[in-house]
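K.L.:
Here is a sequence with its predicted model. Questions after.
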Amino acid sequence: MNFKDRKPVYYSEYLQLDKILNAQAPESEKEQIKADDEMLFIIIHQSYELWFKQILHELNLVRAIFQQQHIGNSTPDIHNSVHRLKRVCRILEVAVMQMGVLETMTPLDFLDFRDLLRPASGFQSIQFKLIEATLGLHYEQRHGKAYYLSQLTPADVDRVKKAEDEVSLRVLINAWLARMPFVNNAGYWSGNNSFWHQYREAYQSSLSEVEMNNLHLFDSIFINNESYPEGRAFSAEASRNAMFIMLYRDHPLLQLPYELLSTLLEVDEQMSLWRHRHIHMVQRTIGKRVGTGGSTGAEYLRGAADSHYIFKELSELTSFLLPRHLLPQLPDSLKRDLGYAG
């Protein structure tokens with residue numbers, strides 16, 4: 001394609017700055033009330049929504065990659081997925097830091113215009129709900145389910161429900177992990193002297209008395225023949241493969257898969273940091289008052305922050321890690337398979 005004949009692009013037209021810079025309409029100006037900080041409040045939240053749009057763009061690209069039937073473990077696809085998920089983490093870091101700018105608005109500054117916002121609320125951010133659904137947060141897991149959809153328009157309720165009906169990234173990651181071939185060698189992975197039985201013996205000897213309850217969950221995931229032990233979102237096979245990746249991440253073929261798992265956990269961590277920073281900001285600004293949308297304010301946010309983890313089952317696998325010198329030795333053939341030379 002020849003681009004020389006294209007019409008020249010002008011900066012403000014390309015960015016549609018006329019639309020963006022004229023998209024702030026403070027309610028206080030409409031009511032002729034002096035509220036100097038409402039402009040900041042609007043711009044901060046508009047910025048959040050732009051970042052949320054970018055996060056959704058990145059997550060949908062990653063989800064498309066994992067919807068493929070065959071994905072190599074050291075391929076451009078995995079590189080691309082890790083790169084985009086790391087970008088999501090950096091955007092979430094910006095979102096957390098941006099809260100500091102909003103906190104330059106004092107509680108009294110906010111009260112100048114707060115009552116004009118009802119019943120609008122950050123709780124009505126459809127894009128944030130779409131991010132959670134795309135990652136894998138199910139309706140049943142949501143804190144305050146009765147309130148969850150009550151503040152939305154019918155059109156936005158339909159958007160959220162449609163997103164929740166689509167295959168989530170967590171489901172796709174589960175399927176990808178379950179397909180990984182490393183633990184399918186029957187001679188090494190089955191029988192009373194299998195890898196996981198050897199590992200259990202070393203793991204049990206490493207536990208203190210108060211940690212012995214960990215063995216029940218360990219057996220459910222790694223020893224017993226349960227597809228989804230204790231109703232977990234990640235299958236036993238996927239969990240075993242994820243654990244194997246964590247344990248033997250130093251082998252070349254497992255380095256990228258490990259980085260992917262680590263970055264997914266960082267996404268959860270950054271989402272949690274954003275929620276908790278939001279809690280502290282709300283407590284500082286409105287104390288124990290209800291939110292403008294009618295929620296219980298900081299109390300509601302705290303309940304959501306404590307329960308809205310997407311990849312917590314992958315994080316829990318760290319409970320079962322052993323130091324390298326206690327790990328079972330892998331067969332030479334498997335070591336070769338895990339190296340770039342094959």
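P.N.:
The structure has been received and is ready for your questions. In this text, all values refer to a predicted model and were calculated from it rather than measured experimentally. Numbering: from 1, shown residues only.

K.L.:
Return the residues in contact with the residue lying closest to Met243 once chain neighbours are set aside.
P.N.:
Nearest residue to Met243, sequence neighbours excluded (Cβ to Cβ, 6 or more residues apart in numbering): Leu317, at 5.1 Å. (C-beta placed from N, C-alpha, C; glycine too.) By Cβ atoms under 8 Å, 6 or more residues apart in numbering, the residues touching Leu317 are 239, 242-243, 246.

K.L.:
and if you look at Lys161?
P.N.:
Counting by Cβ under 8 Å, 6+ apart, there are no residues that Lys161 touches.

K.L.:
Now do it against Lys129, distance only.
P.N.:
Note on Lys161: its distance to Lys129, by Cβ to Cβ, to the nearest Å, is 10 Å.

K.L.:
now swap in Ile78 and tell me
P.N.:
28 Å.

K.L.:
higher neighbour count, those two?
P.N.:
Lys129 (22 against 19; other Cβ atoms under 10 Å).

K.L.:
Which element, helix or strand, includes the more buried one?
P.N.:
Assignment of secondary structure by DSSP states H and E places Lys129 within helix 126-135.

K.L.:
For that helix, which outside residues touch it?
P.N.:
49, 52-53, 55-56, 59-60, 63, 122, 152, 156, 159-160, 163-164, 166, 168-170, 267, 308, 310.

K.L.:
now the biggest helix by length in the chain: how far from the chain's centre is it?
P.N.:
Across the chain, the longest stretch assigned as helix under DSSP state H is helix 252-286. Mean-position distance between helix 252-286 and its chain equals 7 Å (Cα atoms, centre = their mean, to the nearest Å).

K.L.:
Listing request: residues of the stretch 51-200 of the chain with sub-threshold pLDDT.
P.N.:
For the stretch 51-200 of the chain, applying pLDDT under 70 flags the ranges 73-74, 123, 139-150, 182-192.

K.L.:
about what we covered before: can you select the buried ones from the contacts of helix 126-135 in PyMOL?
P.N.:
Listed next is the PyMOL selection for buried residues among these, using 16 or more other Cβ atoms under 10 Å:
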select buried, resi 52+55+56+59+63+152+156+159+160+163+164+168+169+170+267+308+310
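
K.L.:
In space, what's closest to Gln198 - neighbours in sequence excluded?
P.N.:
Pro328 (4.6 Å).

K.L.:
Ile44 too?
P.N.:
Leu102 (4.9 Å).

K.L.:
Assess the claim that that neighbour and His280 are in contact.
P.N.:
No: between Leu102 and His280 there is no contact under Cβ atoms under 8 Å: 11.5 Å.

K.L.:
what about those two, which has more around it?
P.N.:
Neighbours were counted for Leu102 and for His280 using other Cβ under 10 Å; Leu102 has more, 20 against 13.

K.L.:
ok now do that one, which residues does it touch?
P.N.:
Per Cβ under 8 Å, 6+ apart, neighbours of Leu102: 40-41, 44, 281.

K.L.:
In those, which residue is surrounded by the most others?
P.N.:
Counting by other Cβ under 10 Å, top hit in these: Phe41 with 20 neighbours.

K.L.:
For that residue, identify the helix or strand it belongs to.
P.N.:
Secondary structure (DSSP H and E) places Phe41 in helix 38-66.

K.L.:
by contact count, what packs against that helix?
P.N.:
The contact analysis (3 or more Cβ pairs under 8 Å, 6 or more residues apart in numbering; DSSP states H and E) places helix 38-66 against helix 27-30, helix 76-102, helix 126-135, helix 169-179.

K.L.:
Pull the residues that contact the first one.
P.N.:
What it means is helix 27-30. Outside helix 27-30, the residues that reach it (Cβ under 8 Å, 6+ apart) are 34-35, 38, 112-113, 116-117.

K.L.:
Can you give the distance of that helix from its chain's centre?
P.N.:
For helix 27-30 - counting by Cα atoms, centre = their mean - the centre lies 37 Å from the chain centre.

K.L.:
What mean pLDDT does it get?
P.N.:
The predicted model assigns helix 27-30 a mean pLDDT of 94.

K.L.:
can you pull the buried residues of that helix?
P.N.:
In helix 27-30, counting by 16+ other Cβ under 10 Å, buried: Ser28.

K.L.:
Output that helix in CSV with nothing but the alpha carbons.
P.N.:
The C-alpha trace of helix 27-30 is given here as CSV (Å, rounded to 0.1, in the frame of the first residue of the first chain):
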residue,chain,number,x,y,z
GLU,A,27,-22.8,19.9,37.4
SER,A,28,-21.9,22.8,39.7
GLU,A,29,-21.6,25.1,36.7
LYS,A,30,-25.1,24.2,35.6
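
K.L.:
and Ala25, what does it touch?
P.N.:
Taking Cβ under 8 Å, 6+ apart as the test, what Ala25 contacts is Ile42.

K.L.:
meant to ask about Glu259
P.N.:
Val82.

K.L.:
State the helix or strand in which Phe244 lies.
P.N.:
helix 236-247.

K.L.:
who touches that helix?
P.N.:
173-175, 177-178, 180, 182-183, 196, 220-222, 224, 226-229, 232, 234, 254, 257-258, 261, 313-314, 317-318, 320-322, 327.

K.L.:
redo that, cut-off 7 Å
P.N.:
174, 177-178, 180, 182-183, 221-222, 226-227, 229, 254, 257-258, 261, 313-314, 317, 320-321, 327 (Cβ atoms under 7 Å, 6 or more residues apart in numbering).
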